[in-house]
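S.K.: Just to be clear, the model below is a prediction. Sequence and coordinates:
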Amino acid sequence: MNEVSPRIDGHIPSREGRQSLRKHEPRSGRVASASLATRLSLSLALGAVCTVAAISVAACGDSPEEASAGPSTVDPLNDAAPRADGASNAGEAGGDGGVVVVESACKDEGAACTSPPPPTCANGTTRRTFTPTGSCTAGKCSYASTDAACAAPANADGVCAAGACAAFACKPGFLPLGPGCVFGTAHNTWTTLQSMTTPRYWHGSTAGADGRLYVVGGETQTAGSPINYFGVSVEAYTPSTNTWTPLADLSTGSQAIAAVSLDGKIYRIGGGSALEAYTPSTNTWATLTSHPGVRFTISAAAGVGMDHRLYALGGTANNLGEKTVFAFTPATNTWAPVADLLTARCLQAAAALPDGRIFVIGGKTAVGGTILASAEVYTPSANTWAPVASLPTARGYLSAATAVDGRIFAFGGLTGGPGTESAVVEAYTPGTNTWAPMASMPAVRAATAAAAGPDGRIYVTGGFAGTSVPTNTVFAYTP
């Protein structure tokens, strides 16, 4: 690999007094809770919210103080519990559509009611929360219930342990990780999978909404043929069958690109100014508005939530690193400049968090320049970049992906000039702004692509090692 000439041609209170309970009929306009089967289905569709481990309900988004609050005199979800007035609760519990109102004593007439009962679960599949219905009146505060299906994390069996929405069990073969489940028998381990059909490096990779892993373009090579510096081939990996399937080619040849999945489509960015979008259902690529500048060795990430934009970060047009960042809005097929990177860089990696922040990691000041350890984070709502903890191991030509628990993993890369390919893996924890060493890759690699798959594993594909010859290896990491 020639560093100087890389074949780029421009390239989440206690309650006072005794509580009593009364059951009301559903309010006008309120829809009764869905059947158990419907709630199960909904819980699977809502995504990862509760943590997988058998922990307190606080993991579902409540403060530790709420989760540890003392038990109510009357449990509105327990049919066996007597009512405060001695009446029976039979038939009135379990999230079956009625609104439950809980009252507690209060002292300051007219004051806001601010100490609701803690959230609890009904039937193990419905989470019940309470909100005030008004202010302190006649010495009482009233709180009305709202039921919602517990949200099952990906790869969980869809059933909560009774009374604990946070206690989803992972499916057989999956391990709990943060708010989700990840395939494997042990954390921090590697598995070598079926090789790609086409060897490649400087390609893009991303997981699609259909559960497949896509690899796109890059410098490719087929058996008996010279390297194609502007590859067009695309293929998809199906984890359940450990197989690769060739897909429709890109419209424009590419190298040193990035790929992103957003709203059901796969986007290819870089390798020039081209932007293309792939629709899995039709196996077709469509050409979209070109990137405002010619960029190679670019990195990209997709905003999430309300943002729904795609970000093209840094890269190079003339072998020098760039600071420029542009955001693409699919709904309008338009690009717009946003705040520049703090450090000009190319050959870097990028990853997005579920909260929409974008991290850029490592890289080089220029194709033949200084290798960077620095990292920075972009907050779309503020349109600002801020420095974060640097990589322990400075690297260019690296790849990165975000795990289900929110950690960002950086894989391989060059630690120096040609021949310094690395197997180093380091993980960044945003909550503590720290990096930690992880199990090394099975082999040294640079210019790989990394993407988190639907099974929670991170897939590292292709790259080169020792020479500029593309590889077709596929390594799967269980965080």
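M.R.: Yep, that arrived. The shown structure was predicted, so the numbers you read here are calculated from the model rather than taken from an experiment. Numbering: from 1, shown residues only.

S.K.: Ranking helices and strands of this structure by mean pLDDT, which lands last?
M.R.: helix 36-45 (a mean of 27; mean pLDDT, DSSP states H and E).

S.K.: which residues in the protein form helices?
M.R.: With DSSP state H as the criterion, the chain has helices at 36-45, 64-67.

S.K.: and the shortest one, what's its mean pLDDT?
M.R.: The predicted model gives helix 64-67 an average pLDDT of 30.

S.K.: Flag the shaky bits of the chain, pLDDT-wise.
M.R.: Applying pLDDT under 70 to the chain flags residues 1-97, 122-124, 161-164, 303-306.

S.K.: Phi and psi next, for Ser240.
M.R.: Backbone torsions of Ser240, given as degrees, to the nearest 10, read phi -70, psi -20.

S.K.: how close does the spatially closest residue to it that is not a sequence neighbour sit to Thr461?
M.R.: Sequence neighbours aside, Gly211 is the residue nearest to Ser240 in space, at 8.0 Å (criterion: Cβ to Cβ, 6 or more residues apart in numbering). C-beta coordinates here come from the backbone N, C-alpha and C atoms, glycine included. To Thr461, Gly211 is 17 Å away according to Cβ to Cβ, to the nearest Å.

S.K.: Neighbour count for those two, which is higher?
M.R.: Using other Cβ atoms under 10 Å, the more surrounded residue of Gly211 and Thr461 is Thr461, with 29 against 13.

S.K.: so how far is Ala439 from the residue minimising distance to the centre of the chain?
M.R.: Nearest to the geometric centre of the chain sits Pro354, at 4.8 Å (Cα atoms, centre = their mean). Going from Pro354 to Ala439 by Cβ to Cβ gives 24 Å.

S.K.: What of Pro387?
M.R.: Per Cβ to Cβ, Pro387 is found 28 Å from Ala439.

S.K.: go on, Ala302?
M.R.: 28 Å.

S.K.: same thing with Arg407?
M.R.: Counting by Cβ to Cβ, the gap from Arg407 to Ala439 is 14 Å.

S.K.: try Thr332
M.R.: Going from Thr332 to Ala439 by Cβ to Cβ gives 43 Å.

S.K.: And for Leu177?
M.R.: 15 Å.

S.K.: try Ala111
M.R.: Ala111 sits at a distance of 56 Å from Ala439 (criterion: Cβ to Cβ).

S.K.: Have a look at these two and say which one is more surrounded.
M.R.: Comparing Ala111 with Ala439 by neighbour count (other Cβ under 10 Å), the higher total belongs to Ala439, at 15 against 12.

S.K.: residues in contact with the more buried one?
M.R.: Residues counted as contacts of Ala439 (Cβ atoms under 8 Å, 6 or more residues apart in numbering) are 188-190, 425, 477.

S.K.: hmm, try it at 6 Å
M.R.: Contact partners of Ala439, counting by Cβ atoms under 6 Å, 6 or more residues apart in numbering, are Asn188.

S.K.: Give me the phi and psi for the closest residue to Cys141 other than its chain neighbours.
M.R.: Closest residue to Cys141 apart from its sequence neighbours, by Cβ to Cβ, 6+ apart: Cys113 at 3.6 Å. Main-chain dihedrals, Cys113, degrees, to the nearest 10: phi -90, psi 120.

S.K.: How many neighbouring residues does Cys113 have?
M.R.: 20.

S.K.: Return the distance of it relative to Arg127.
M.R.: Cys113 sits at a distance of 21 Å from Arg127 (criterion: Cβ to Cβ).

S.K.: again, but for Cys170
M.R.: For Cys170, the distance to Arg127 (Cβ to Cβ) stands at 19 Å.

S.K.: higher neighbour count, these two?
M.R.: Set Cys170 next to Arg127 and count neighbours by other Cβ under 10 Å: Arg127 wins out with 26 against 21.

S.K.: isn't the more buried one right next to Ala148, touching?
M.R.: Yes. In this structure, Arg127 is within contact of Ala148 by Cβ atoms under 6 Å, at 5.4 Å.

S.K.: And this protein, what are its domain boundaries?
M.R.: The chain breaks down into these domains under automatic domain parsing: 20-174, 184-478.

S.K.: Contact partners for Thr284?
M.R.: So Thr284 contacts Ala248 (Cβ under 6 Å, 6+ apart).

S.K.: which residue packs closest to Ala400, ignoring adjacent ones?
M.R.: Closest residue in space to Ala400, ignoring its immediate chain neighbours: Ala349 at 3.6 Å, by Cβ to Cβ, 6+ apart.

S.K.: Is it correct that Leu275 is in contact with Leu288?
M.R.: Yes. Using Cβ under 6 Å, Leu275 is in contact with Leu288, at 4.6 Å.

S.K.: The two: who's more crowded?
M.R.: Comparing Leu275 with Leu288 by other Cβ under 10 Å, the one with more neighbours is Leu275, at 21 against 18.

S.K.: which residues does that one bridge with?
M.R.: As for beta bridges, Leu275 partners with Ile269 under DSSP bridges.

S.K.: Equivalent analysis for Ser205, please.
M.R.: Beta-bridge partners of Ser205, as defined by DSSP bridges: Val215.

S.K.: Can you tell me how far it is from Thr478?
M.R.: Per Cβ to Cβ, Ser205 is found 18 Å from Thr478.

S.K.: quick one: which of those two has more around it?
M.R.: Remark: of Ser205 and Thr478, Ser205 carries more neighbours, 28 against 22, as counted by other Cβ under 10 Å.

S.K.: thought that one was touching Val460?
M.R.: No. Applying Cβ under 6 Å, one finds Ser205 not in contact with Val460, separated by 8.5 Å.

S.K.: most packed of the domains of the chain?
M.R.: Burial of the domains of the chain is given as mean neighbour count (mean count of other Cβ atoms under 10 Å); domain 184-478 ranks first at a mean of 20.

S.K.: Not counting sequence-adjacent ones, nearest residue to Phe328?
M.R.: Leu310 (4.4 Å).

S.K.: Show me what that neighbour bridges to in the sheet.
M.R.: Ala302, Phe328.

S.K.: ok, it - contacts?
M.R.: 260, 262, 267, 302, 328.

S.K.: Turn the residues you listed into CSV, including distance to Gln194.
M.R.: CSV is the format used below for these (distance: Cβ to Cβ, whole Å):
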residue, distance to Gln194
Val260, 24
Leu262, 27
Tyr267, 25
Ala302, 27
Phe328, 33
